[in-house]
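# With the input below, show me the fold.
(chains A, B and C)
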Amino acid sequence: MTAIPLTHILVLSTLLFFIGVFGFLTRRNLIAMLMGLELMLNSVNINFIAFNKYLYPEQIEGLGFTIFIVAIAAAEAAVAIAIIINLFRTTHHIDAEQADSLKY
Amino acid sequence: MPSLNNLLLILLLPFCSFLLLGLAGRKRLSPLAGILGTTSLFISALLSVHSAWTYFSSTSSHKPEVAWSMNWLQFSDSLSIDMGVLVDPISMMMLVVVTVVSFMVHLYSLGYMKGDERFTTYYAYLSLFTFSMLGLVVSVNLFQIYMFWELVGVSSFLLIGFYYDKPSAVSASKKAFIVTRFADLGFLIGILILGHGAETLDFNTLIARLTDPSSPWLGALSAGSFLGASALTWGLLLVFMGGAGKSAMFPLHIWLPDAMEGPTPVSALIHAATMVVAGVYLVARLFPVFAIACPVALDVVLWTGIISSVFAALIACAQTDIKRVLAYSTMSQIGYMMFALGLSGYGGEAGLGYTASLFHLFTHAFFKALLFLGAGAVIHMVHSNEIKDMGGLRKRMPVTHLAFLIGCLAIAGIPPFAGFFSKEEILTAAYAANPVIYWIALITAGLTAFYMFRLYYLIFWSRESGVSNAHPVDEHHGEGTISMKLPLLLLSVGAVIAGLVPFGNYVSSDGTPLHIHLHIGDAVLPVLIALTGIGIATYFYKTESSKPAKLMQSMRVFYMTLHNKFYIDEIYLFITKNIVFPLIGRPAAWFDKFVIDGTVIAIGRTTDRIAETVRVMQTGRVQDYALFFIASLITLAVFAIYLFH
Amino acid sequence: MNLHLLVALPVVTALFLLLLRDLRQIRLIALIGSIVQLGACFLLLDSYLDVRAAGITEPVLFKSSAAWFPSLGISFTTGVDGISLAMILLSALVVLAGVLVSWNTEHLPREYFFLLMLLSAGAYGFFISLDLFTMFFFLEVAVIPKFLLIGVWGSGRKDASALKLALMLMAGSALVFVGMLGLYFNSADSFGAHTFDLETLSMQAMSLNQQLMFFPLLFIGFGIFGALFPFHTWVPDGHSSAPTAASMFLAGISMKLGGYGCLRVAAYLMPEAANYYAPVIITLAAIAVLYGAFATLMQTDLKYINAYSSVSHCGFVLLGIGMLNQTAITGAILQMVSHGLMTALFFAAIGMLYQRTHTRMVSQLGGLLRFMPFISTVFVIAGLCSLGLPGLSGFVAEMTVFMGAWEKHDTLSRVATIASCASIVVTAVYILRATGKVIFGPVADAHHGEAGDACWNEKLAAGVLLAGILIIGITPFLLTQLIQPDIERIMFNIGRDLAY
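Residues are numbered from 1 along each chain as shown, chains lettered A, B, ... in the order given. Now for the predicted structure:
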């Protein structure tokens, strides 16, 4: 079996990351923005695993961090969705464009 | 040499009575206040006379001696303010004058101020004044004299404004203080120049250093030139400016007539006999420096004196307020003393002017205090200062009438009253020095006789009916209490005999006795002129007639100019109201409010405005922030790659 | 004698105050606290004089030092000499008088007295510090309470004034801090360690270029506190909006922090720069003196009159420092003490009048002597002190400044001195105008008589300050003897540096 070169995986994760960034910046819907965020986190996860496997196969820190990020992402999603629900309760929308009460 | 304890006691008695009365406040001690003040002054006066007696009878040559002194404030190694007691002929003479007149005034005020609600305060102020004046005359140090100079100024301020609910009294007191303060500014700068120049503030050392032609200090002070005069000249002139302010010399005299708003006994004490002659005293104190080192400054003294003298005499002829006439006459007589100093030389026969000047100061204190106290008695009875409210009072007030007449004869220079001798000495000195001065002085003497007798006739003769209906005479008062009459009588005696004191034996410019020979021949002309003045006054004013009015009509412009005091007040008013306040004060306030404060506020506003502009960047939208964040991140990344590649 | 006690006493009092609720208890504790402070100061004076009398000539006494941030060379170093002792005594007197005049503070009394105590702690701490960082620390401690005192208890346009005052003083302390850092980083000893220690710094010579750079920062920074023209504009607004005690503290203590700093830090540590900039300082000071006096002429509010006259009087302090000779600096210190007492007394009197008449406008007042003889007398005495009457402290201070100023020979100094002398006339004019209208003259409003004369606490407050004024005025040698050796030492230092 020929190994997939590291570069391919890095290109994939980079693509995934910038798709996430693009989604985060362009989508108005907060849920969609959250999805963009998740994409970015997962691209980082892929990087961690890939580097761990290709560069330091005898170590497991990369895997550890990945688990850590998955856990954080779950917690963060919970907090974010709680915020979104609260926003929806008070303003009846989840449009990021209109949620600008933090200005000035 | 009089005992030091006596000298200190003379000063401390009035001070203690000031402390006691000042702290006691308004209500407590009220009936006792007068007795207390008068008694302490009585003791002071006795001690002064005793000290003077011992001093003058013990030695024949009188050099200034420091009886006691303490270092009060050390400025630098050579300069310090020392507090002390200087014993020399003029300080002893002034001690007697001040305490005696002050005692008379204390005594007189017992009756005059009776029943005033601030009786205690009044006596406290009087004591404060007396203490300050005594401190002034015994000063050993140029700065000590300045300190007491300011203190007499402030006690004069308090006493002029004693009737504080009268706006005219308050503004008169302000005027007196501010005008003399302005003059004191000159005095202060003069002290700075002389003190630093001679590297001492001590009178004896200062005089020694500045009269020795070979001393380095004199050389340094006379070397430089600023606006055509040496530092020494400037220093002395500025010191003299202080003296001229206090002594109401032209053109700093404007406060004196207004100062008559104070209670009359105060005018007698402060504005006739003691404080106003402080300027003469100051010049006399520094006389050796003036005479030996800087004759130019002495010439200024001379001309200031003679101009003031004739100027004031002219104005006095056209005043209608009894106290103002006396005030201008005071100014005129002080002008006499000043020019006598100004034309004097140092030592021997040339120093006649010096002796004459201080002699006149001495006799003037008695007869002018007498005149003021007499005027006070009249005012007390008539309740008005205006001459038109008086007339024909000679029968109602026989004692006052007699006293006033003696005073008038004394000031007019009729022998054998006190004024004759001192004036005669001054005229003799003037005749020897400068004929122009002599003739101006003679004319002034004639004017003096005229206006004093004008006053005398208008008060005590003129209208036989007595007093106008507008101000009915207070029959209950009569002539006042014995405490008011006694000082009049005592001062009358003084005004008669003070001239017989062989003054030259005691006071002379160089401390050695000066034997004065008066020639009968020299006296004829002045006496004739004085008699002429009296004669004219008698012709116009002895009985009520239309003659004065006609005279006034015939020279209306001249009369109005005199009546309005040559419009000097108006000039001052113009300067302050139209120049100082609007052209200096207001721009300063404006500048502060709009330029300086404005700048600070503008800085604040600018900060505000920048913030206003910048805050627009905070849209509050998450995505904007994220975009900004990521864009910056990428920029940084690119930058880092470029940099470290 | 432990100097930390001086700082600890007001802090303890302040903390104790926080536990109380009742106005009576609060003011009683505040009063006791300030009396104890004054007592401690006198104790300090006594032991100081004892030590000096024993012939000990160390520059500072009761010195103690504790490491604070050792790695940065910052330590909590304290000690006193005659000059700081004079300032401490002044502060203690003003604090006591300030507490007494605020006796009837109804609004938030606990917080009010708390802040007053904090302010006094800052002042004491500032005067005893021998370490620049400690000094800066206490300077800041003394600034913050002012903002609150004016903002919460003030009158008139208090918000704007409080803001202006706080911001300008903050700007001043920012400059001071930069200047101090400049000194710090130029202070390497042989091991390369920097120090904030005042005495060590005074031993080290800084290069002229560095001095020229940092001197203006420190001088202007402290100058803002000490009403240096043209940075004085917080003075009128701040003073007039502040409550009485705060005005007294502000003028009596805070403005002295500036003068003291200018002398102790700026001129002492960088004498060459001080000498270099002397013409500028002298010019600005003379302008402040004369211009402040003329600006006062046009004021109609009693507090503004006193505030502008403070600008004028503080000009004398800076003038004295700018002249850089022993007499003039002695005069500057005398003027600081004298002005502190005199202006506190003046503000106290104005506060008392305001409490009774509810106006500070000169035009609405008149003939108050009839109703309030005591307050009026105090007012007149404060005025007379302000215009330099002999026998009161103002005269001694001003004359010493003039005497010293005349020692400097160049034309500019002469002109500046004469201009400053001329201010005594203008001072007389504005003081007499105000006094003549407010105290003397006809009664303006008969209702003003209803409130009666001063109460015991006000009499005591005035008495405390009056005693100080009279003691300095009548026996100035007591104070000059106290400060003379230290000024000689400062002059020796300055002279040594200038000789190079």
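
# and residue C:486, what is it in contact with?
By CB atoms under 8 Å, 6 or more residues apart in numbering or on different chains, residue C:486 lies in contact with C:59, C:81, C:82, C:83. Where C-beta positions appear, they are placed from N, C-alpha and C, glycine not excepted.

# need the helices for the stretch 251-400 of chain C, in chain order.
Using DSSP state H, counting those that start in this stretch, the helices of the stretch 251-400 of chain C run over C:255-261, C:268-269, C:271-297, C:302-323, C:326-357, C:368-371, C:373-386, C:393-407.

# what mean pLDDT does the shortest one have?
Read that as helix C:268-269. Helix C:268-269 shows a mean pLDDT of 88.

# Same question for the longest one.
Averaging pLDDT along helix C:326-357 yields 91.

# Check which helices and strands the lengthiest helix in chain A is in contact with.
As assigned by DSSP state H, the longest helix anywhere in chain A is helix A:61-91. Under the contact definition 3 or more CB pairs under 8 Å, 6 or more residues apart in numbering or on different chains; DSSP states H and E, helix A:61-91 sits against helix A:30-55.

# And the helix it packs on, what does it pack against?
Judged by 3+ CB pairs under 8 Å, 6+ apart, the packing partners of helix A:30-55 are helix A:6-26, helix A:61-91.

# Would you mark the buried spots in that helix?
Neighbour-count burial for helix A:30-55 flags A:30, A:33-50, A:52 (criterion: 16 or more other CB atoms under 10 Å in any protein chain shown).

# Which of the helices or strands spans the nearest residue to residue B:390 once chain neighbours are set aside?
Sequence neighbours aside, residue B:459 is the residue nearest to residue B:390 in space, at 4.7 Å (criterion: CB to CB, 6 or more residues apart in numbering or on different chains). With secondary structure defined by DSSP states H and E, residue B:459 is part of helix B:435-460.

# same check, this time on residue B:73
Per DSSP H and E, residue B:73 falls inside strand B:65-74.

# Outline the domain layout of chain C.
Following the assignment in automatic domain parsing, chain C carries domains at C:1-269, C:271-500.

# Among these, show me which one is buried the most.
Highest mean neighbour count among the domains of chain C (mean count of other CB atoms under 10 Å in any protein chain shown): domain C:271-500, with a mean of 22.

# what's the distance between that one and the middle of its chain?
Distance of domain C:271-500 from its chain centroid, counting by CA atoms, centre = their mean, to the nearest Å, is 11 Å.

# next one: stretch B:197-206
The chain centroid and the centroid of stretch B:197-206 are separated by 25 Å, computed with CA atoms, centre = their mean.

# so where's chain A uncertain?
A:1-2, A:102-104 (pLDDT under 70).

# and the end-to-end length of stretch B:390-406?
Terminal residues of stretch B:390-406 lie 19 Å apart, using CA to CA, to the nearest Å.

# That one: which residues count as buried?
Applying 16+ other CB under 10 Å to stretch B:390-406 flags B:390-394, B:396-397, B:399-406 as buried.

# How about the secondary structure of residue B:165?
Under the three-state scheme (DSSP: H, G, I helix; E, B strand; the rest coil), residue B:165 adopts coil.

# Chain A versus that one, what's the distance?
61 Å (CB to the nearest CB, to the nearest Å).

# what's the neighbour count on residue A:17?
Using other CB atoms under 10 Å in any protein chain shown, residue A:17 has 18 other residues around it.

# Would you check that it makes contact with residue A:38?
No - in this structure, residue A:17 is not within contact of residue A:38 by CB atoms under 8 Å, at 11.5 Å.

# for the helix or strand following the strand holding residue B:73, packing partners?
The first helix or strand that comes after strand B:65-74 along the chain, using DSSP H and E, is strand B:80-87. With contacts taken as 3+ CB pairs under 8 Å, 6+ apart, strand B:80-87 sits against helix B:4-24, strand B:65-74, helix B:142-160.

# ok, strand B:80-87: who's next to it in the sheet?
Strand B:80-87 has these partner strands in its sheet, going by DSSP bridges: strand B:65-74 (antiparallel).

# Report the buried residues of the strand it pairs with.
Going by neighbour count (16+ other CB under 10 Å), the buried part of strand B:65-74 is B:66, B:67, B:68, B:72, B:73, B:74.

# ok, those vs residue C:158, which is closest?
Within the buried residues of strand B:65-74, proximity to residue C:158 (CB to CB) peaks at residue B:73, which comes in at 41.6 Å.

# Leaving aside the residues adjacent along the chain, what's closest to the closest one?
Distance criterion CB to CB, 6+ apart; nearest residue to residue B:73, sequence neighbours excluded, is residue B:81 at 4.4 Å.

# how far away is residue C:466 from residue C:368?
Distance from residue C:466 to residue C:368, counting by CB to CB, to the nearest Å: 18 Å.

# same thing with residue B:389?
Remark: distance between residue B:389 and residue C:368 (CB to CB) = 33 Å.

# try residue A:8
Distance, residue A:8 to residue C:368, using CB to CB: 96 Å.

# quick one: contacts for the residue of the stretch 251-400 of chain C found nearest chain A?
Of all residues in the stretch 251-400 of chain C, residue C:254 sits closest to chain A, at 35.7 Å by CB to the nearest CB. Residue C:254 makes contacts with C:119, C:123, C:142, C:146, C:225, as judged by CB under 8 Å, 6+ apart.

# buried residues in the longest helix of chain A?
Going by neighbour count (16+ other CB under 10 Å), the buried part of helix A:61-91 is A:62, A:65, A:66, A:69, A:73, A:80, A:84, A:87.

# surely the second one meets residue A:48?
Read that as residue A:65. Yes - here residue A:65 lies in contact with residue A:48, judged by CB under 8 Å, at a distance of 5.2 Å.

# Alpha carbons only: can I get whichever strand or helix holds residue C:142 in PDB?
Element membership of residue C:142, judged by DSSP H and E, is helix C:132-153. The C-alpha trace of helix C:132-153 is given here as PDB (Å, rounded to 0.1, in the frame of the first residue of the first chain):
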ATOM      1  CA  LEU C 132      11.000  58.200  43.800                       C
ATOM      2  CA  PHE C 133       8.700  55.300  43.300                       C
ATOM      3  CA  THR C 134       7.200  55.500  46.700                       C
ATOM      4  CA  MET C 135       6.800  59.200  46.300                       C
ATOM      5  CA  PHE C 136       5.000  58.700  43.000                       C
ATOM      6  CA  PHE C 137       2.800  56.100  44.600                       C
ATOM      7  CA  PHE C 138       1.700  58.500  47.300                       C
ATOM      8  CA  LEU C 139       1.300  61.300  44.800                       C
ATOM      9  CA  GLU C 140      -1.300  59.100  43.100                       C
ATOM     10  CA  VAL C 141      -2.900  58.200  46.400                       C
ATOM     11  CA  ALA C 142      -3.400  61.900  47.000                       C
ATOM     12  CA  VAL C 143      -5.000  62.600  43.600                       C
ATOM     13  CA  ILE C 144      -7.800  60.100  43.400                       C
ATOM     14  CA  PRO C 145      -9.800  61.200  46.500                       C
ATOM     15  CA  LYS C 146      -9.900  64.700  45.100                       C
ATOM     16  CA  PHE C 147     -11.800  63.600  42.100                       C
ATOM     17  CA  LEU C 148     -14.400  61.900  44.200                       C
ATOM     18  CA  LEU C 149     -14.600  64.700  46.800                       C
ATOM     19  CA  ILE C 150     -15.300  67.300  44.200                       C
ATOM     20  CA  GLY C 151     -17.500  65.000  42.000                       C
ATOM     21  CA  VAL C 152     -19.700  63.800  44.900                       C
ATOM     22  CA  TRP C 153     -19.800  66.600  47.400                       C
END
